[in-house]
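Trainee: Provided below are the primary sequence and the corresponding predicted coordinates.
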Amino acid sequence: MSVDGREFKDGVFGHFARVGAALGHGKRVEIIDVLAQGERSVEDLAREVSASVGNTSRNLQILAGAGLVSRRVEGTSRVYRLADPTVLRAYQALVAVAEADLGCQPGFRAFSQRCLEH
């Protein structure tokens, strides 16, 4: 493989790792779950995931850096949404993988079904 091909692969796998790292934190995955239900302001997200506005904002920056969420300005608020329908499909795949491991735990199957219905 040429150097250019190696650099390309390194870039692609580096981006895969950024996406994986962005999804490697429980609050960020929960934010994805909430945004799968519709757009939210930072303040609304913070309230729904029981986190501070500062921490929620930082988690949104990480998710945006990985291309998972996008935002628009509405007055003085920033409103976030999933960047693309593929983000929802990736989240649903993550839930399905977790279900294979955690499906026998009480309540998990009902929770995962709700997640998959977005």
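Mentor: The structure has been received and is ready for your questions. This one's a predicted model, so the numbers in the text were calculated from it and none came from an experiment.
Trainee: hey, let's count contacts and neighbours off CA atoms from now on
Mentor: OK.
Trainee: can I assume residue 72 sits in a strand?
Mentor: Yes - assignment of residue 72 by DSSP: H, G, I helix; E, B strand; the rest coil places it within a strand.
Trainee: may I see the buried residues of the lengthiest helix in the chain?
Mentor: Once the chain is assigned using DSSP state H, the helix that runs over the most residues is helix 3-22. Using 16 or more other Cα atoms under 10 Å as the test for burial, helix 3-22 gives 18-19, 22.
Trainee: could you dump the residues you listed to a markdown table with distance to residue 10 and pLDDT?
Mentor: Formatted as a markdown table, these follow (distance: Cα to Cα, whole Å; pLDDT from 0 to 100):
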| residue | distance to residue 10 | pLDDT |
| --- | --- | --- |
| 18 | 12 | 92 |
| 19 | 14 | 92 |
| 22 | 18 | 95 |
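Trainee: ok so, going back, the next helix or strand after the longest helix of the chain to helix 3-22, inter-axis angle?
Mentor: Per DSSP states H and E, the first helix or strand lying C-terminal to helix 3-22 is helix 26-35. For helix 26-35 against helix 3-22, the angle by axes from the mean of the first three to the mean of the last three Cα atoms, to 10 degrees is 80 degrees.
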